[in-house]
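Enquirer: Give me a model of this one.
(chains A and B)
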Amino acid sequence: MSLDKRVRYIDGFKYQGGGPMLAFILHRLTALGILLFVGMHVIVSFTNQQTGAEWADWLNTVYKSPWFQVFVAFCVLFHAFNGLRIVLLDFFPGFQKFQREAIWVEWAIILPMFLLAAFLIVQVSLAGS
Amino acid sequence: MRTRVAKPGMNFEYLMWLFTRLSGVALILLAISGLVGAFIMGGRTQADLPAILRWTFFPNPNHVLTSEIPEIDQVWANLFWTTMQVLMIVFAGTHAWNGLRMILEDYVHSKKLRFGLRALIFILWVVSLAVAITLILTSY
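Expert: Residues are numbered from 1 along each chain as shown, chains lettered A, B, ... in the order given. Sure thing, here's the model as predicted:
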């Protein structure tokens, strides 16, 4: 299957998809973010334990930094709650009528949790240094 | 123009669609039970946030060595938590490798490359799950 029209990269940003499109894109990006963290964590832990290589130590400090922790917290929270919304709307299609409202509810749940987590992570790291 | 409709029925894509949703719900429930378990076993006063998160997402005694929970080996070395770990790893691993395959196949159109990617992801899936389950079963 191919596209009839040549689509440039910039056209993706002009597409008026709104909330559902943003949720779709963020679901993908947060999935890749979780894979990045878990992959790094497994490889670094294994290398550290077996060889104690220096690059593993350095990579360890990367994902232990508060900014990476905030990023991972957002990835996990968004992916979990957006996934829950997808499951509910897919298994109970009657609610598809309210899909835009469902996204607002989802953000109303995620944002307080994420902001609190981000605040605590940054606060702890500032107090610790 | 005729619209293309996916063929209904029990095919691979449908089963993986269903598995992704069911395993997603299962992962949330597993994470909640790990979190509750950590709190019951004294996580509120005896462990820091990273240790509690390690329990939540992978309740393995080698994974939470940094916490100061007394008798961690005995508390966690039972069939219940071993089963929880294996379930977590199997669901999360399969969910993740399949999700990566779906994302890649949205951007890879060559049939040969797609087949190669599928084979590579299948091998990585089998190897990573085998290593992880071995690690869980030998960590006590």
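
Enquirer: need the residues of chain B near chain A, please.
Expert: B:4, B:21, B:24-25, B:27-28, B:31, B:49, B:96, B:99-100, B:103, B:109 (Cβ under 8 Å from any Cβ of the partner chain). Using the backbone N, CA and C atoms, a C-beta is placed for each residue, glycine as well.

Enquirer: roughly how far out does the least confident helix or strand in chain A by mean pLDDT sit from the chain middle?
Expert: Least confident helix or strand, chain A: helix A:11-14 with a mean of 72, by mean pLDDT, DSSP states H and E. For helix A:11-14, the separation from the chain centroid amounts to 21 Å (computed by Cα atoms, centre = their mean, to the nearest Å).

Enquirer: again, but for stretch B:115-122
Expert: How far stretch B:115-122 lies from its chain's middle: 20 Å, per Cα atoms, centre = their mean.

Enquirer: same thing with stretch B:97-115?
Expert: Distance, centroid of stretch B:97-115 to centroid of chain: 21 Å (Cα atoms, centre = their mean).

Enquirer: Identify all contacting residues around it.
Expert: Contacts with stretch B:97-115, where a contact means Cβ atoms under 8 Å, 6 or more residues apart in numbering or on different chains, come from A:2, A:28, A:31-32, A:35, B:16, B:19-20, B:117-118, B:121, B:124-125, B:128.

Enquirer: same thing with stretch A:27-39?
Expert: Counting by Cβ under 8 Å, 6+ apart, A:63, A:68, A:71-72, A:74-76, A:78-79, A:82-83, A:86, B:96, B:99-100, B:103 sit against stretch A:27-39.

Enquirer: could you redo the last one with a cut-off of 10 Å?
Expert: Identification of contacts with stretch A:27-39 by Cβ atoms under 10 Å, 6 or more residues apart in numbering or on different chains yields A:26, A:63, A:68-69, A:71-72, A:74-80, A:82-83, A:85-86, B:57-58, B:92-93, B:95-97, B:99-100, B:102-103, B:106, B:128.

Enquirer: Stretch A:9-17 too?
Expert: A:5, A:7-8, A:21, A:23-25.

Enquirer: JSON lines for the contacts of stretch B:97-115, including neighbour count?
Expert: As requested, these are exported to JSON lines (neighbours: other Cβ atoms under 10 Å in any protein chain shown):
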{"residue": "A:2", "neighbour count": "4"}
{"residue": "A:28", "neighbour count": "15"}
{"residue": "A:31", "neighbour count": "21"}
{"residue": "A:32", "neighbour count": "13"}
{"residue": "A:35", "neighbour count": "16"}
{"residue": "B:16", "neighbour count": "17"}
{"residue": "B:19", "neighbour count": "15"}
{"residue": "B:20", "neighbour count": "18"}
{"residue": "B:117", "neighbour count": "16"}
{"residue": "B:118", "neighbour count": "14"}
{"residue": "B:121", "neighbour count": "16"}
{"residue": "B:124", "neighbour count": "13"}
{"residue": "B:125", "neighbour count": "17"}
{"residue": "B:128", "neighbour count": "17"}
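
Enquirer: Take those and keep only those in helices.
Expert: Residues of those located in helices (DSSP state H): A:28, A:31-32, A:35, B:16, B:19-20, B:117-118, B:121, B:124-125, B:128.

Enquirer: And residue A:103, how far from chain B?
Expert: Using Cβ to the nearest Cβ, to the nearest Å, one obtains 17 Å as the distance from residue A:103 to chain B.

Enquirer: same question but for residue A:14, I mixed them up
Expert: Distance of residue A:14 to chain B, computed by Cβ to the nearest Cβ: 20 Å.

Enquirer: so what's the residue nearest the centre of chain B closest to, chain neighbours aside?
Expert: Chain B has residue B:92 as the residue nearest its centroid, 1.8 Å off, counting by Cα atoms, centre = their mean. Nearest residue to residue B:92, sequence neighbours excluded (Cβ to Cβ, 6 or more residues apart in numbering or on different chains): residue B:27, at 6.0 Å.

Enquirer: got it, and residue A:79?
Expert: residue A:30 is the one closest to residue A:79 (Cβ to Cβ, 6+ apart), at 4.4 Å.
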